[in-house]
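Q: sharing a model that was predicted from the sequence below.
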Amino acid sequence: MSKVCQVCGRGTRASQSRSHSNVATKRKQFINIQKKNIDGEKVKICTKCIKTAAKNRT
């Protein structure tokens, strides 16, 4: 499953985990992807876009 929003194109970001001794190890930060039906078509959309779309509808 791809971790990219089909609306805005946001994807995973690179970050670092820090241990108690402050050693950095690389990790990924995933965005919150949801599957929604928009206009009868399934879309993988991030929650930020869902929130923005709901705000613009009202």
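A: The structure has been received and is ready for your questions. Numbering: from 1, shown residues only.
Q: for residue 40, see how far away the spatially most central residue of the chain is.
A: With distances taken as C-alpha atoms, centre = their mean, residue 31 lies nearest the centre of the chain, 2.4 Å away. The gap separating residue 31 from residue 40 is 24 Å, by C-beta to C-beta, to the nearest Å. (Glycine included, C-beta is placed from N, CA and C.)
Q: what does residue 2 give?
A: Separation of residue 2 from residue 40 (C-beta to C-beta): 21 Å.
Q: have a look at the two and say which one is more surrounded.
A: A count of neighbours by other C-beta atoms under 10 Å puts residue 2 above the other of residue 2 and residue 40, at 9 against 5.
Q: so who does that one touch?
A: Contacts for residue 2 (C-beta atoms under 8 Å, 6 or more residues apart in numbering) come out as residue 44.
Q: same question, the one 10 residues further on
A: Contact analysis of residue 12 by C-beta under 8 Å, 6+ apart lists 3, 28, 29, 30, 31.
Q: tell me the secondary structure for the nearest residue to it once chain neighbours are set aside?
A: Ranked by C-beta to C-beta, 6 or more residues apart in numbering and with sequence neighbours excluded, the top spatial neighbour of residue 12 is residue 28, at 4.8 Å. In three-state terms, and counting by DSSP: H, G, I helix; E, B strand; the rest coil, residue 28 is strand.
Q: I appreciate the help and will end here.
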